[in-house]
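> This is a predicted model, with the sequence first.
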Amino acid sequence: MKKTQTETLKKVWNYLKSYRMQIVSSLLLAGVVVATTLYAPILVGQAVDHIADRGKVEFSVVSRILLRLVAVSLITGGCQWIMNLLNNRIVYHVVRDIRKDVFGRLQRLPLRFMDNHPHGDVVSRVISDADQFADGLLLGFTQLFTGVITILGTLLFMLSLNPWITLVVVCLTPLSLLVANYIAKSTFSFFKEQSAIRGVQTACVDELIGNQKVVQAFLQEERALEQFEEINERLEKSSLKAIFFSSLTNPCTRFINSIVYAAVALSGAYAAIQGRISIGDLTCFLSYAKQYTKPFNEISGVVTELQNAIACAGRLFALLEEAEQVPDREDALVLKEVKGEISFEQVSFSYVPEKPLIEAVSLKAGPGEKIAIVGPTGCGKTTLINLLMRFYDVTDGRITADGRDIRDYTRKSLRAGFGMVLQDTWLKEGTVLENISMGNRKATREEVVQAARAAHAHSFIKRLPQGYDTWLSENGGGLSQGQKQLICIARIMLVMPPVLILDEATSSIDTRTELKIQEAFGRLMEGRVSFIVAHRLSTIKDADRILVMKDGNIIEQGNHLQLLEKKGFYYQLYHSD
Amino acid sequence: MKKLLRFLHGYQKESILGPLFKLLEATLELFVPLVVASLIDVGIGTGDRGYIFRMFVYLILLGLIGLLFSVTAQYFAARAAVGFVKKIRQALFAHMESLSYKEIDRLGTSNMITRMTSDVNQVQSGMNLTLRLLLRSPFVVAGAFVMAWQIDRQVAWRLGLTILVLTLIVFGIMFLTIPLYKKVQQKVDRVLAATRENLVGVRVIRAFGMEEEEIREFSEKQKELTGAQIFVGRISALLNPLSYVVINMGIALMIWKGALQVEAGLLTQGAVVALYNYMAQILEELIKLANMIINLTKAVACGNRIQEVFELESSQYYPKETEGIPDKTVPQVIFDQVSLKYSEGGEKSLNHISFSVLKGMTVGIIGGTGSGKTSLVNLIPRFYDATGGKVFIEGIEVSRYSKKELRNKIGVVPQTSVLVKGSIAENLCWGNANAGEKELWEALEIAQAKEMVESKEGKLDFPIAQNGRNLSGGQRQRLTIARALVKKPEILILDDSSSALDYATDAALRKALAGMQDRPTVFIVSQRTISIQHADLILVLEDGELVGRGTHETLLRSCKVYEEIYASQFKQEVNAL
């Protein structure tokens, strides 16, 4: 086992530790179950021996043996049941513990992590990796354990009955493993081909069914069908090969097993003639011969499962060990009643060290000011906002709020003072009301409606099936992008933060509604500071100050008219639009 | 699911031969205990080594023939399953293409893609499994019972009783747990959704300081999941122990009765061993059957979902031939009191809209987000059916046109620019399969895409990637415009299709359209007044109502909404230019 695997196992143990009593009991029970399961065929064999022929049936012995059989099977059943219950508890609780830890960790990871990792990947770690890890590890482990002791136990029992026949069984059974392995290896290429063609087909379905409206508008149904048909034919051929050849495994191993069975019957019968074993022993041997191959097949499956489980655990722990964001200072202040004096002092920042993005930017904003930030894509507009909200920390220089470095405040209080609306509207699964009151859970219904009116969202919300109580599915369900933006704006209107940050917040709203919302914001923001990132001229032209950014620098400043007169970059930007 | 079986048509031979060979194989297996019994009774009884060896050869032969039978069975089963599913996929694809926009909206594309891919794959493995195993297990159980019956009726009915109790246990537990597992799956989905939502919304969550609330909600969902898992686990943990106990009690009962029969001279020792072997076979098969049924229920659920799609009929009927003769003397497009509701009980998206358009006119449609602009133009090519009023083209109601004739009259450029994998030429030929190179270039020139295509390597043969990923938004948009023009439509609909074009290109496009020979009637949907102010007729929509109709000049005087839209944009352009 590799070093990393051992380390992972150590961490796994930390989670299992609190359930160690249950784990030990489960293993003990497994031992009992195996022993009694193996004992049962012996009892049957003994019983058979005592009913040799007419007149030779010893009823008292037989009845004693049979009663013992029933008692043994009751013990087996009982132990197995308790063992199953214990295993369930351990697995589900470990999964729960791990998921909770991971989810909690996610809340403390820096934004850098979320931005750099595909969400699907993180989700699959939290859900399926956690499941597979616990399932695979624990069940795999108990199966491995029972498998090994079953094999050893069977061997022992068989040896005690007759070593020669045992030898026959031991020599022949590995054959079936070899055959299964060989088939799996040689069908691998068929499966690879099949999944490649499936990929092509999915892409085709994605394109043609995904864009069906256009396909239909251009009467391309037949051609699309032809294209699909061609791939479908190919898939059929390849699937047939993959399925057929892989399904040979069972018949082949069954055949090998029947050879083993026949060999045991042959050697057993010869031994019986010589009087070296009884008929009952032979019966017992035959049923062992059947049982013996099973744990081997299981173990080979279990080993891959265990390795998979360790890999899953590794991915989970990687997540748990991601560096957390720099914690708030111990003496961090709680920012209360922000006045709105914000300044950037020689701020530099880069997402990747070798690629500086923002260099030595300085700016000052005071209460009542409306600052707009414009510039081409990738110039660092959104980054400024990431820094202001402390989603990222500056690499050099500092940002101050009311005269103090924002890193001196707790993140929570800082963010509570800043209201933010982003272009990517995010709504939670829940009612419209819950979504608007996200920033202020104590708001009354009237206040929410008031905020929605101010955001010009009231008229469409009231037309939804259940108005404010309409349930929105994940990320807003059937709402249009513009409607979602309106809800996000209402959310901010309800909070009325001292500092307002709008990042392309009205980009999907028509210009007329936008104008009305701006009026509302104008009233709301009297005496407060607002930062607006936007592309549209109508959104920014009334700003007190417009910062024109290019390649991480502020290259021009001024109001709309001043900047136009300058005939600089700003002029170019809007002339070419 | 049952209805899907019609797709087995054409594979009747395979789907009968598969299970049949499987049955033959199973039958052979049933002979094994008999051979062993006579090996014990005759071979060991008389000490005849030759006889024992013959029996050994029989056992091997049984295994070998069984192998041949089961390989044949696997082949037919694989063929039938693969062919069955290929036909389903084909039919499903064709069916999806026949659905109207209304049903497409209802199903949702991601749903359709899942049906087409993973659901279909599940059905395939389910079908394969059924053909291979479903008949085998009950047959072996029944066969073992019949064989036992042949040996000794007195003992056999005890065996029958055991089978009955076992069946009750297996199916009873399944019956109880399957719905519970479904619930568990739902809870898993909720935990998954909560994780994804948290990742997507990380900025908003942190901005509002909701981390603790999120952890609380997540823990709550996870707790519910764990509870449900442990509950269902408790029931399913009973399956193995319970059947083990029952089978051993059955064995004890059987041996006891066997002993009595042997004493009475009605049964031999070998026969008792044979009966015991049958019992073991039955146990093995019942457990296999239970596992298989669990897999099958999954496949059936997928099959039912697929069937649901098949049952979704297109809500639109198109006559084979257009009913009526187009009248070129009346206005080309007439809307007469048209209303549209997308769903029962929902708000009207269009309310009593009436207007008429002469051939060759340019019509501008403007309004805010969600005002009904796209809904209105979608009624012209009959993507949706009006729920009130009538739409006429050349004097014939659109619902009386054949699909082909109607769609050939109209070229549509949808909001999202969709291109598919293939060369530029292939994409353009969606408009008209017989278009020559000259016609393609003409269309590209009008669409302002000529230079762009000329600069591409291979020009018209330039390969477009899936969903047009290797082109910019503006490039895709111009190609979709060209595609519609290749059709030489009588009516051209541009649904906000110049949004990704800059002002200059937009203007050049409009000029080129106006200068076309055989100029089509053009509908332009836009949010920008500048794109439509030269139109012969401008329709102003607000909340599904037609609030203004006329030219730019008259509307500026008479329509407040239009004036406001214009004002919100005009200043911007004046200032910009």
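Looks like it arrived, so ask away.
> use CA for all of it now, contacts and neighbours both
Will do.
> Please say whether there is contact between whichever helix in chain B runs longest and chain A.
For chain B, the helix with the greatest residue count under DSSP state H is helix B:49-98. Yes. For helix B:49-98, a contact with chain A is found by C-alpha under 8 Å from any C-alpha of the partner chain, at B:49, B:52-53, B:56, B:59-60, B:63-64, B:66-67, B:70-71, B:74-75, B:78-79, B:82-83, B:86, B:89-90, B:93-94, B:96-97.
> Next secondary structure element downstream of that helix?
helix B:101-107 (DSSP states H and E).
> gap between the helix or strand that that next one is followed by and the chain center?
The helix or strand immediately downstream of helix B:101-107 is helix B:109-114, counting by DSSP H and E. Offset of helix B:109-114 from its chain centre (C-alpha atoms, centre = their mean, to the nearest Å): 5 Å.
> contacting residues around the nearest residue to B:Val398 once chain neighbours are set aside?
The spatial neighbour of B:Val398 that comes closest, neighbours along the chain excluded (C-alpha to C-alpha, 6 or more residues apart in numbering or on different chains), is B:Phe392 at 5.6 Å. Applying C-alpha atoms under 8 Å, 6 or more residues apart in numbering or on different chains, we find B:Phe392 in contact with B:Gln332, B:Val333, B:Ile334, B:Phe335, B:Val398.
> So B:Leu546: helix, strand or coil?
strand (DSSP: H, G, I helix; E, B strand; the rest coil).
> hmm, the helix or strand harbouring A:Gly482 in reach of chain B?
If you go by DSSP H and E, A:Gly482 is part of helix A:481-495. Yes. Helix A:481-495 reaches chain B (C-alpha under 8 Å from any C-alpha) through A:Gly482.
> export the next helix or strand after that helix as CSV, just CAs?
Later in the chain than helix A:481-495, the nearest helix or strand by DSSP H and E is strand A:499-503. Extracted as CSV, the C-alpha positions of strand A:499-503 are listed here (Å, rounded to 0.1, in the frame of the first residue of the first chain):
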residue,chain,number,x,y,z
VAL,A,499,-22.7,51.2,0.6
LEU,A,500,-24.2,49.9,-2.6
ILE,A,501,-22.4,47.8,-5.2
LEU,A,502,-24.0,47.0,-8.5
ASP,A,503,-22.1,44.8,-10.9
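> Identify the residues contacting strand A:499-503?
Applying C-alpha under 8 Å, 6+ apart, the set of residues contacting strand A:499-503 is A:338, A:340, A:382, A:385, A:417-423, A:525, A:528-534.
> ok so, going back, what are the phi and psi values at the residue nearest to B:Val398?
phi -120, psi 140 (degrees, to the nearest 10).
> again with the one 10 residues further on
In this entry, B:Ser402 is assigned phi and psi values of phi -70, psi 150 (degrees, to the nearest 10).
> Just the pLDDT for it.
B:Ser402 carries a pLDDT value of 88.
> So what angle separates the directions of the helix holding A:Gly482 and strand A:499-503?
Orientation check (axes from the mean of the first three to the mean of the last three C-alpha atoms, to 10 degrees): helix A:481-495 against strand A:499-503 gives 170 degrees.
> sorry, back to before: tell me which of the contacts of B:Phe392 is nearest to B:Ala567?
Distances from B:Ala567 to the contacts of B:Phe392, taken as C-alpha to C-alpha, are shortest for B:Phe335 (29.1 Å).
> Confirm the closest one sits in a strand?
Yes. Looking at B:Phe335 with three-state DSSP, it is inside a strand.
> Next, count neighbours for it.
Counted with other C-alpha atoms under 10 Å in any protein chain shown, the neighbours of B:Phe335 add up to 21.
> Quick check: bridge partners of the residue nearest to B:Val398?
Here B:Phe392 sits in beta bridges with B:Ile334, B:Glu397, going by DSSP bridges.
> any idea how far it is from chain A?
Distance of B:Phe392 to chain A, given as C-alpha to the nearest C-alpha, to the nearest Å: 18 Å.
> Which pLDDT value goes with that residue?
Looking at B:Phe392, its pLDDT is 92.
> And for B:Ile247?
Model confidence at B:Ile247 (pLDDT) stands at 87.
> Give the full set of residues in contact with it.
By C-alpha under 8 Å, 6+ apart, the contact set of B:Ile247 is B:Thr162, B:Leu166, B:Met279, B:Leu283.
> Around B:Ala274, count how many other residues there are.
Other residues lying near B:Ala274 total 25 when counted by other C-alpha under 10 Å.
> residues in contact with the residue nearest the centre of chain B?
Nearest to the geometric centre of chain B sits B:Arg115, at 2.1 Å (C-alpha atoms, centre = their mean). Applying C-alpha under 8 Å, 6+ apart to B:Arg115 gives the contacts B:Cys302, B:Arg305, B:Ile306.
> Just the residues you listed: which are in helices?
B:Cys302, B:Arg305, B:Ile306.
> possible to save the residues you listed as TSV with neighbour count and pLDDT?
Below are the ones in helices among the contacts of B:Arg115 laid out as TSV (neighbours: other C-alpha atoms under 10 Å in any protein chain shown; pLDDT from 0 to 100):
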residue	neighbour count	pLDDT
B:Cys302	22	84
B:Arg305	16	85
B:Ile306	23	88
